[in-house]
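> Here is my input; please provide its structure:
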Amino acid sequence: MTGGAAALGGIGTGGSRGGDGMERVVVAIRDGPGAEPLLRRATVLAGRCGSAELHCVHVIRSEGPSAAASSELVELRRLTAAAGTSLHTVLGEDVPGTLLQFARDVGGSQLVLGVDPRRARRLRSGTTRSVLRAAGGLEVHLVPVPGLNRSRGAGRRRGALSPRRRILGWVAAVVLPLVATMIGVATTPSR
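This is a model prediction of the structure:
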């Protein structure tokens, strides 16, 4: 990745500008850490294109938590307003499809996505992989954002116990009942 983002060759061949020929940069942002670096990168991309429009989109799943999301959405709106643009919130179950549909609806020529730098080389994220496969003529830029997946509990959750203590817990759960049964059988007088 060069310059903090990867414009993926073969994904876009010059973008799919709107009917008026104006460049439109769409940035997919979400709550938690990572919104600011993505917004900064998208602003830089929009500036490089001259008078490009910047569109920020946040996809909300209908099954997602609504109470916690309201305070986080307020923060996202504040960040986007500070960047001189607005936040579009879109309801959709299929996040990759919803992002791509929004980009097409606004005539987007570039799409900016955040990826966890530790996973960027593998592209195992279902959302990122699906967007890249279906992007068509849309240029997709991947921006490394440290801690991106940890913020929403994506991937493997880490508990309060270390792996060693968890293993010991499982061993104790299997062995202790057997030991207690053997002691009970051994100490019970036979009839």
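> Next, count neighbours for residue 184.
9 (other CB atoms under 10 Å). In short, each C-beta sits where N, CA and C put it, glycine included.
> Pull out the buried positions in the longest helix belonging to the chain.
Using DSSP state H to define each element, the chain has its longest helix at helix 163-187. Residues of helix 163-187 classed as buried: none (neighbour count, 16 or more other CB atoms under 10 Å).
> average pLDDT across it?
Per-residue pLDDT over helix 163-187 has a mean of 91.
> That helix - contacts with which helices or strands?
Judged by 3 or more CB pairs under 8 Å, 6 or more residues apart in numbering; DSSP states H and E, helix 163-187 is in contact with no other helix or strand.
> Bridge partners for residue 90, pull those for me.
residue 59 (DSSP bridges).
> Show the contacting residues for it.
57, 58, 59, 60, 98, 102 (CB atoms under 8 Å, 6 or more residues apart in numbering).
> got it, and residue 96?
126, 127, 130, 131, 134.
> could you dump these to TSV with pLDDT?
Formatted as TSV, these follow (pLDDT from 0 to 100):
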residue	pLDDT
126	76
127	79
130	84
131	86
134	84
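> from these, which is closest to residue 163?
Ranked by distance to residue 163 (CB to CB), these are led by residue 126 at 25.7 Å.
> The closest residue to that closest one other than its chain neighbours is in what secondary structure piece?
Spatial nearest neighbour of residue 126, excluding adjacent residues (CB to CB, 6 or more residues apart in numbering): residue 96 at 7.6 Å. Residue 96 is part of helix 95-105 when elements are defined by DSSP states H and E.
> Tell me the buried residues in that helix?
Quick answer for helix 95-105 (16+ other CB under 10 Å): 95, 96, 98, 99, 100, 102, 103.
> Spatially nearest residue to residue 144 (excluding sequence neighbours)?
Per CB to CB, 6+ apart, closest to residue 144 is residue 117, 3.8 Å.
> Verify the stated contact: the one you found with residue 146.
Yes. Counting by CB atoms under 8 Å, residue 146 is a contact partner of residue 117 at 6.0 Å.
> Run a quick neighbour tally on residue 49.
Residue 49, neighbours per other CB under 10 Å, totals 17.
> Look up how far residue 108 lies from the residue nearest to residue 126.
14 Å (CB to CB, to the nearest Å).
> any idea how this structure splits into domains?
6-152, 159-191 (automatic domain parsing).
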